[in-house]
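K.L.:
when you get a sec, could you give me coordinates for this:
(one chain, ligands or ions: 1)
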Amino acid sequence: MPGTARFTVRGVSPTRMVKLFMSRHTGGVHASASAAHGAAAAPPAPAADLVAWVESSGGSAAGVAVRRNEAGFGLAASRDCGAGSTLVSLPQRCHLTYDDSSDPRLLALIGQVVAHRLQGATSPFAPYISNLLLGVAGLPMFFGGDALAALQYPPVTEQVKRRCRWLLAFAQRELAAARRGGGDPFGGADVDANALGWALAVVTSRAFRTRGPDQPAAMLPLIDMANHSFQAANAKIAPGPGGSMCMVATRALQAGEPVLISYGALSNDFLLMDYGFIVPGNPHDTVQLRFDRGLIEAAKAVAGVGCTGGALDDGGAELPPLPAWQQQALASLQLAGPGANTEVTIRRQAARGGGNGSGSGSRNGGGEAAAEGPVDPRLLAGVRVLCAPSAAALGGKAASVERLGRWDAPLAPAAELAALRALTGLCAIALSQFRGSLEEDAALLAAAAAPAGGQEAAQQAQRQLGEDEQLAVRFRMEKKQLLLEALGTVSHRIQQLAAGSGAPAGAPGGGRQPAGSGRQPSGGGRGKGKAAGAKNGGRGFGK
Ligand SMILES: C[S@@+](CC[C@H](N)C(=O)[O-])C[C@H]1O[C@@H](n2cnc3c(N)ncnc32)[C@H](O)[C@@H]1O
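P.N.:
Below is the predicted model of the structure:
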């Protein structure tokens, strides 16, 4: 590799995100076939050079045609075929992978993608590399500050910042040190943080872990042009003979039908971070929270449930110490004490197959409670512990997630009602961490899409809300919607339990009925609820 080669991208902001801007000619990469065809010739099929390369390498792509639109590439069935048909067979020599399984950041793949890009037309993977898009739209790693802030969701924004810091540190320190020590992985070529950012984006949005979660990942050319769907996936990736990897139809396909695979049971956090898109109503989406006693006591205060061990002081005084049985129970649940894992989630109930089948998981019309509820079992168990009046109310045995975390195995009615109310308070606090309501977000998007007042106003609205910001708004709307669904599910459960036990149902915020109407409750909005919720000060979200 020539020591003078450059693989650099202008626009690095060392203090902020890595800005992606790449010239098509950077690094000597040859133009792709689709870009290089002459005006007179009939345009070749998209990525025709890639398909030809797969076939000349001993593979087959007979079952798919590559499609291209302004959003990028995708695959479609090239002919009618039956379930189980092999659509693509990719020989091992076309897999871009590595031997070392110990690299959690996929550094080895990033390095290879960069190295092959530097080799340009002489790379054995040139037909693959040259058909990679020069940007992965929607990745928050490339968001500007406004779009990142518009997410309003620290679990993702913190992760984005960590990823960018790592990338910059790697480019500026580790790579520089490796160069000084003569161990430059890029043979002296000038590779900057933005080039590494591009490679990171390529790898996170395309690599497969076909050999298992702890095994090396691989880039699977052509196969990785399949787009994602949870519901409409009609193909899967499976090992084939001789180390090949195949794309196989999971049902009969008609010629021209898009070929879609599922990227896995991923939350919108993962989809956004690694792929730059979200799925509305994603059944695997969650809201991450950090379990701590102060948060749960604040949730109880919002919901009008008494504080454990004494009254919660609105002035922010220390909480009274927990009785030993509660401390032990939280430690058994690994929610407190050394080695605790305090990351917990509110989630879509429908994802666990325990909902009402309507897709929302909320407001089911009665009947048996689902085995798994709208919060993860550790969170449910922890809230039950902190709402139980005595060890006896927990059943007297050692606390375990299996025993205390089942949505369909409630405590005695009074303790269960307190726990459920606390959960409504928790949802309300989580909602209150977002600025503005669902309706306000929807209005923002509507104004950006079709503002009143003609073209000038439309341009103005677009300036106010760019594409990344619109994605960020849609992302946070999904979180709010999920929280409202959880609130509806828990409230419904409270009504059911209260009706059965004769106890008053109650509601968060001292008797207000939680939403279910789609309107966002004011959560930490009024009276005591406000004081307790506000004190939480953004602590609720896990980071
Ligand atoms: C493995 S690649 C799929 C091929 C890609 N469309 C291309 O042009 O090369 C993954 C990327 O495709 C896009 N993508 C895949 N499925 C999508 C979906 N359901 N909605 C929006 N974008 C999707 C995203 O940009 C994602 O990062």
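
K.L.:
report how many residues lie close to R293.
P.N.:
18 (other C-beta atoms under 10 Å). To be clear about C-beta, it is placed using only N, CA and C from the backbone, and glycine gets the same treatment.

K.L.:
now P155, nearest residue through space, not along the chain?
P.N.:
Spatially, and ignoring its direct neighbours in sequence, P155 is nearest to Q288 (4.4 Å; C-beta to C-beta, 6 or more residues apart in numbering).

K.L.:
how many residues are close by the one you found?
P.N.:
22.

K.L.:
ok, then the element right after the host helix or strand of it?
P.N.:
Element membership for Q288, per DSSP states H and E: strand 286-290. Where DSSP H and E defines the elements, the next helix or strand beyond strand 286-290 is helix 293-303.

K.L.:
what's the next helix or strand after that next one packed up against?
P.N.:
Next in sequence after helix 293-303, counting helices and strands by DSSP H and E, comes helix 324-332. Helices and strands in packing contact with helix 324-332 are listed as helix 377-387; criterion 3 or more C-beta pairs under 8 Å, 6 or more residues apart in numbering; DSSP states H and E.

K.L.:
against which helices or strands is the helix or strand following the helix it packs on packed?
P.N.:
On the C-terminal side of helix 377-387, the closest following helix or strand by DSSP H and E is helix 401-404. Using 3+ C-beta pairs under 8 Å, 6+ apart as the contact test, the elements touching helix 401-404 are helix 377-387.

K.L.:
quick one: average pLDDT of the helix it packs on?
P.N.:
Regarding helix 377-387, the rounded mean pLDDT is 97.

K.L.:
which other residues reach it?
P.N.:
289, 291, 293, 296-297, 299-300, 305, 308, 326, 329-330, 333-335, 344-346, 373, 375, 394, 399-407, 411, 415-416, 418-419, 422-423, 426 (C-beta atoms under 8 Å, 6 or more residues apart in numbering).

K.L.:
quick revisit: please name the bridge partners of the residue nearest to P155.
P.N.:
T345 (DSSP bridges).

K.L.:
and it, how far is that from the ligand?
P.N.:
Distance of Q288 to the ligand, computed by C-beta to the nearest ligand atom, to the nearest Å: 22 Å.

K.L.:
can you tell me how far that residue is from F270?
P.N.:
Per C-beta to C-beta, to the nearest Å, Q288 is found 11 Å from F270.

K.L.:
what of A415?
P.N.:
Distance, A415 to F270, using C-beta to C-beta: 35 Å.

K.L.:
try R251
P.N.:
R251 is 26 Å from F270, by C-beta to C-beta.

K.L.:
more neighbours: those two, which one.
P.N.:
F270 (19 against 13).

K.L.:
how about the secondary structure of that one?
P.N.:
Assigned with DSSP: H, G, I helix; E, B strand; the rest coil, F270 falls in the helix class.

K.L.:
get me the contact residues on this protein for the ligand.
P.N.:
Residues of the chain lying close to the ligand (C-beta under 6 Å from any ligand atom) are 72-74, 133, 136-137, 205-206, 224-225, 227-229, 275-277.

K.L.:
that older thread, now for the strand holding Q288, which elements pack on it?
P.N.:
Using 3+ C-beta pairs under 8 Å, 6+ apart: strand 286-290 touches strand 343-347, helix 413-432, helix 467-501.

K.L.:
quick one: which of these is nearest I110?
P.N.:
Closest to I110 of those is helix 467-501 (C-beta to C-beta; 22.8 Å).

K.L.:
for that closest one, packing partners?
P.N.:
helix 145-151, helix 268-270, strand 286-290, strand 343-347, helix 413-432, helix 438-449.

K.L.:
can you check what angle separates it from strand 343-347?
P.N.:
80 degrees (axes from the mean of the first three to the mean of the last three C-alpha atoms, to 10 degrees).

K.L.:
whichever residue of the chain sits closest to the ligand and A446, how far apart?
P.N.:
For the chain and the ligand, the shortest gap (C-beta to the nearest ligand atom) falls at G72, measuring 2.5 Å. Distance, G72 to A446, by C-beta to C-beta: 26 Å.
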